[in-house]
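*Asks:* Coordinates only, no sequence provided:
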């Protein structure tokens, strides 16, 4: 069994070239809080401004951001 499956973890990505339905398949499980499962979703400038997902506990900004406003929008 792969290490991520042993720890009840899933990893996925979304990007702007994906069809809306394909993106929804990745993001929909995030709408339901499940403290027993770790879900990691990587994206590139897609889920930043105006994206709201209250069940998400952590957002990691792995990009150099110089604007305090941009950081606030990404983290809020």
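*Replies:* On my side now, so go ahead. None of these values were measured; they are calculated from a predicted model.
*Asks:* Helices of the chain, residue ranges please.
*Replies:* For the chain, applying DSSP state H gives helices covering 3-6, 20-27, 68-75.
*Asks:* Any idea which of these gets closest to residue 57?
*Replies:* Across the helices of the chain, residue 57 has its closest neighbour in helix 68-75 (12.5 Å, CB to CB). To be clear about C-beta, it is placed using only N, CA and C from the backbone, and glycine gets the same treatment.
*Asks:* Name the residues of that closest one that are buried.
*Replies:* residue 74 (16 or more other CB atoms under 10 Å).
*Asks:* Which secondary structure elements does it sit against?
*Replies:* Contact here means 3 or more CB pairs under 8 Å, 6 or more residues apart in numbering; DSSP states H and E; on that basis helix 68-75 packs against no helix or strand.
*Asks:* mind starting the numbering at 151 from now?
*Replies:* I'll keep to 151 as the first residue from here, and by that count the last item is helix 218-225.
*Asks:* ok, back up a step: the helices of the chain: lowest mean pLDDT?
*Replies:* Of all the helices of the chain, mean pLDDT reaches its minimum on helix 153-156 (a mean of 68).
*Asks:* Nearest to residue 190 among the helices of the chain would be which one?
*Replies:* helix 153-156 (8.7 Å).
*Asks:* Any chance of a markdown table for the helices of the chain, columns distance to residue 164?
*Replies:* Converted to a markdown table, the helices of the chain look like this (distance: least, CB to CB, whole Å):
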| stretch | distance to residue 164 |
| --- | --- |
| helix 153-156 | 18 |
| helix 170-177 | 5 |
| helix 218-225 | 15 |
